[in-house]
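**Q** The following comprises the amino acid sequence and a computationally predicted model.
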Amino acid sequence: MVGVDIGNSTTEASLAKIDADGGAVFLGSALTRTTGIKGTVKNVEGVAKAVVWSLQHAGIGIAELDVVLLNEATPVISGLAMETITETIITESTMIGHDPRTPGGRGLGVGTIVDFAALAEATPGTPLIVVVPADVDFDVVAATINAAAHRGVEVSGAILRNDDAVLVANRLDTKIPIIDEVSLIEAVPRGMTAAVEVAAPGQSIRTLSNAYGLATIFGLDPEQTRVVSPVARALTGNRSAVVVRTPSGDVADRTIPAGALTLIGARKTATVDVSRGAVEVMAEVERVSPLMDVTGQAGTNSGGMIANVRQSMADLSNHTLADVHIQDLLAIDTLVPKEVRGGVAGEVALENAVALAAMVRTKESGMQAVADEVAAQLRGLGAEAVEVVVGGVEAEMAVLGALTTPGTDKPLVVLDLGGGSSDAAVIQTDGRTEATHLAGAGDLVTKLIDAELGLDNLELAEQIKRCPLGKAESFFHVRLENGTVQFFDTPLPATAFARVVTLGDTGMSPIPTRHSLDRIRGVRRTAKERVFVVNALRALRGIAPGGDLRQIGFVVLLGGCALDFEIPQLIADAVAPYGIVCGTGNVRGTEGPRNAVASGLVAAFAASLVAAHA
Ligand code: ADP
Ligand code: MG
């Protein structure tokens, strides 16, 4: 017989035979991607594949297959939404928070903006910042600036259209800060006061990223300083920047009305404004729990997010909107890079955003239809006598499977860290079980990494999530993220050189962004913490007797994300203060955190046969 667990992402199969005493003897296992939405007939393809593979690996003919056991899949599906709730808008181009790859020179220069064409006629007296369009050669730029300097004209900085800053800087008699690659050079307002700052390699600017630095340069009063403080914030961490002061220019740090969510609990209802942040939203979710549904304020971002989640879930599960109820919500604050509206060089500011994961309980599961179809398909493949049985509540089966991990005992809590949801189940000493399903898991981590690093590439984000980082410092060695060095006998690929790379099973792949290793690592770890540590604690509080975490003895981590190289550690660290033994499961002592539900199905079925005989 084969036990099969259909998950949101993965379908797992465990093959066993019943020995003379009625015990289950495991012969093999297999896993494959779940086909279609969990609980729908599309799953059949994946189920058949996993069953056939598990038989093949064990060298057993398909005709010998008697029983396939399917889990009664918990009818929950999860959805994600993300919205920015602040927006930086520049009116009249007051800022170039631009960070070209190769700025030139160094230091801070303040002056009046003058067009390159006017530089030859400029007279001494006022310091100037020269703006150079695309059609001027770098040799000419350097010669003209040098000539002006010899006439006593103080050129204190330059803004270039082309990628020529280093070429120009190398040809100047006096070093000045130079910024290049400013695409909308025509939009830089002439005649205004501007400041250009370039930091030394490896450093970031100090003056223009400091609100009081700006106030000092431009002589701002407290009210004006308040207005420009978003500029300073947006420039933080850049190696170079330009700030232009225009009389009516304005940078606004606008809060987009995020709207309120109404959380409907079994006994209490609460309304909470999303712009108050994830902590407050989650406090309310906990206060009204158990959650029965969530609605958003129409015409606001949060209203739109909730509506989107509900609609996509209704579409997926073939339910009407009225039948879709949100039974858990996870809100997370994030900062995402967004292009600034009104900028002139593709300036990017970090905006506040909220990510929401929602868990929907669907009306009923369609597992019987799946079972019938699986039976038909397997019979067609030669398993003439096969019976397909739906049975076993997923959470109970997961606990049974987890208990086969060496060193575990009841009471035991299972945390199944999947793609869409984090599921928790507890088994008490007397065998009673209880389960809870929380929104937010591996897919949300991937999505946060994607958004916070501005990748727009979920595959790359998934790879960053799963692999440690390194930096190829020479053609023969990589500095790993823990500070150690790995040497190679053959030269590394040229594409990896001086790049931050992920170190996967199949080798290293360069990450095509300019983020530093530390930044990528920081984003990766906080995303995991904000999803899994938060959810682990929520789940444990939800099922611990009296909400007291000290009553929990053992926690076994299961599911794809328990295979992660750091998530189990992050969770173990968070629960250690409660005296909990927490580790990654090793189902049957061989399967790692995989196959718990499938193994539990088989064990439960074997036990029921024995009971029927007695
Ligand atoms: P489900 O039970 O919902 O089908 P899984 O238990 O298969 O889901 O977990 C899927 C999640 O596990 C995904 O978010 C995926 O990124 C993650 N995952 C799978 N394999 C690994 C791995 N080797 N390392 C880290 N994460 C992994
Ligand atoms: Mg699962």
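**A** Cool, the structure landed. Small disclaimer: the values here were computed from a predicted structure and weren't measured. Ligands and ions are numbered 1, 2, ... in the order given.

**Q** On the three-state scheme, T446 is what?
**A** Following DSSP: H, G, I helix; E, B strand; the rest coil, T446 is assigned to helix.

**Q** For it, grab the count of nearby residues.
**A** Number of residues near T446 (other C-beta atoms under 10 Å) recorded here: 23. Heads up, the C-betas are built off the backbone N, CA and C, glycines and all.

**Q** hang on, it packs against N457?
**A** No: at 10.5 Å, T446 does not count as touching N457 under the criterion of C-beta atoms under 8 Å.

**Q** Just give me the residue right at the centre of this protein.
**A** L448 (2.3 Å; C-alpha atoms, centre = their mean).

**Q** Let me see the contact set for the closest residue to ligand 1 within the stretch 451-600 of the chain.
**A** Going by C-beta to the nearest ligand atom, ligand 1 is nearest to G560 of the stretch 451-600 of the chain, at 2.2 Å. G560 sits next to S9, T10, L417, G418, G419, G442, P593, R594 when contact means C-beta atoms under 8 Å, 6 or more residues apart in numbering.

**Q** ok, for the fifth one, nearest residue in space, not its chain neighbours?
**A** For G419, the nearest residue in space outside its immediate sequence neighbours is S9; the separation is 3.8 Å by C-beta to C-beta, 6 or more residues apart in numbering.

**Q** Show me where the stretch 151-300 of the chain has its helices.
**A** For the stretch 151-300 of the chain, the helices defined by DSSP state H, counting those that start in this stretch cover 165-170, 211-218, 222-235, 278-288.

**Q** Mind giving me the packing neighbours of the second one?
**A** Counting contacts by 3 or more C-beta pairs under 8 Å, 6 or more residues apart in numbering; DSSP states H and E, helix 211-218 packs against strand 193-198, helix 222-235, strand 240-245.

**Q** for it, which positions count as buried?
**A** For helix 211-218, the neighbour count (16 or more other C-beta atoms under 10 Å) marks A211, G213, L214, A215, I217, F218 as buried.

**Q** shaky segments in the stretch 501-614 of the chain?
**A** Counting by pLDDT under 70, not a single residue of the stretch 501-614 of the chain qualifies.

**Q** What parts of it come near ligand 1?
**A** Contact residues, the stretch 501-614 of the chain versus ligand 1 (C-beta under 6 Å from any ligand atom): G559, G560, C561, L563, D564.

**Q** of these, closest to G299?
**A** Of all those, G299 sits closest to C561, with 36.3 Å by C-beta to C-beta.

**Q** show me what contacts the closest one?
**A** Taking C-beta under 8 Å, 6+ apart, we find C561 in contact with L417, G418, G419, A441, G442, V445, F532, I567.

**Q** Specify the local secondary structure of it.
**A** Assignment for C561 (three-state DSSP): helix.

**Q** residues near the residue lying closest to it once chain neighbours are set aside, how many?
**A** Using C-beta to C-beta, 6+ apart and skipping residues adjacent in sequence, the residue nearest C561 is L417, 3.6 Å away. Neighbourhood size, L417 [other C-beta under 10 Å]: 28.

**Q** same check, this time on the one 4 residues further on
**A** The local packing of S421 (other C-beta under 10 Å) involves 29 other residues.

**Q** and it, how far is that from V41?
**A** Per C-beta to C-beta, to the nearest Å, S421 is found 22 Å from V41.

**Q** How about L417?
**A** To V41, L417 is 27 Å away according to C-beta to C-beta.

**Q** Next: Q551.
**A** In this structure, Q551 lies at 42 Å from V41, with C-beta to C-beta as the measure.

**Q** try D564
**A** Counting by C-beta to C-beta, the gap between D564 and V41 amounts to 32 Å.

**Q** Quick check: residues of this protein near ligand 1?
**A** 7-10, 34, 418-420, 442-443, 462, 466, 559-561, 563-564.

**Q** Try it again at 8 Å.
**A** Remark: the part of the chain in contact with ligand 1 comprises 5-12, 31, 34, 38, 416-421, 441-443, 445-446, 462, 465-466, 558-565, 567, 594, using C-beta under 8 Å from any ligand atom.

**Q** Keep those residues, but drop any that are not near ligand 2.
**A** Under the cut-off given by C-beta under 5 Å from the ion, ligand 2 has G7, G418 from the residues of the chain next to ligand 1 close to it.

**Q** now, which of the residues of the chain next to ligand 1 lie within strands?
**A** Residues of the residues of the chain next to ligand 1 located in strands (DSSP state E): D5, I6, T10, T11, E12, L31, D416, L417, S421, L558.

**Q** burial measure for the second one, as a count.
**A** Meaning I6. Around I6 there are 28 residues (other C-beta under 10 Å).

**Q** just the fifth one next, same as before
**A** Using other C-beta under 10 Å, the number of residues around E12 comes to 27.

**Q** pLDDT score assigned to V47?
**A** If you check V47, the pLDDT there is 96.

**Q** Where does it sit: helix, strand or coil?
**A** Put simply, V47 is helix when judged by three-state DSSP.

**Q** Wait, G391 touches L601, no?
**A** Yes: counting by C-beta under 8 Å, L601 is a contact partner of G391 at 7.4 Å.

**Q** anything in contact with each of the two?
**A** Common neighbours of G391 and L601 (C-beta under 8 Å, 6+ apart) are L69, L70.

**Q** Which of those two has more residues huddled nearby?
**A** The neighbour count for G391 versus L601, taken as other C-beta under 10 Å, is higher for L601 (33 against 16).

**Q** Run a quick neighbour tally on A596.
**A** Residues lying near A596 (other C-beta under 10 Å) number 32.

**Q** Hmm, I typed the wrong one, I wanted S14.
**A** S14: 33 neighbours (other C-beta under 10 Å).

**Q** mind checking the SS state of the closest residue to H57 other than its chain neighbours?
**A** The spatially closest residue to H57, leaving aside those adjacent along the chain, is G28, at 4.6 Å (C-beta to C-beta, 6+ apart). At G28 the chain is in strand, as set by three-state DSSP.

**Q** avg pLDDT for stretch 259-271?
**A** The pLDDT scores in stretch 259-271 average 93.

**Q** From the chain's centre, how far out is that stretch? Work that out for me.
**A** With C-alpha atoms, centre = their mean, to the nearest Å as the basis, stretch 259-271 stands 27 Å off its chain's centre.

**Q** Pull out the buried residues from that stretch.
**A** G259, A260, L261, T262, L263, I264, G265, A270.

**Q** so which two of those residues are the farthest from each other?
**A** Longest distance between any two of the buried residues of stretch 259-271 is 19.6 Å, between G259 and G265; criterion C-beta to C-beta.

**Q** and F497, what does it touch?
**A** A472, S474, F475.

**Q** I'd like the distance between it and F476.
**A** Using C-beta to C-beta, one gets 11 Å for the distance from F497 to F476.

**Q** Residue ranges in the stretch 1-150 of the chain under the pLDDT threshold?
**A** Residues of the stretch 1-150 of the chain that meet the cut-off, pLDDT under 70, sit at 73-79, 85-97.
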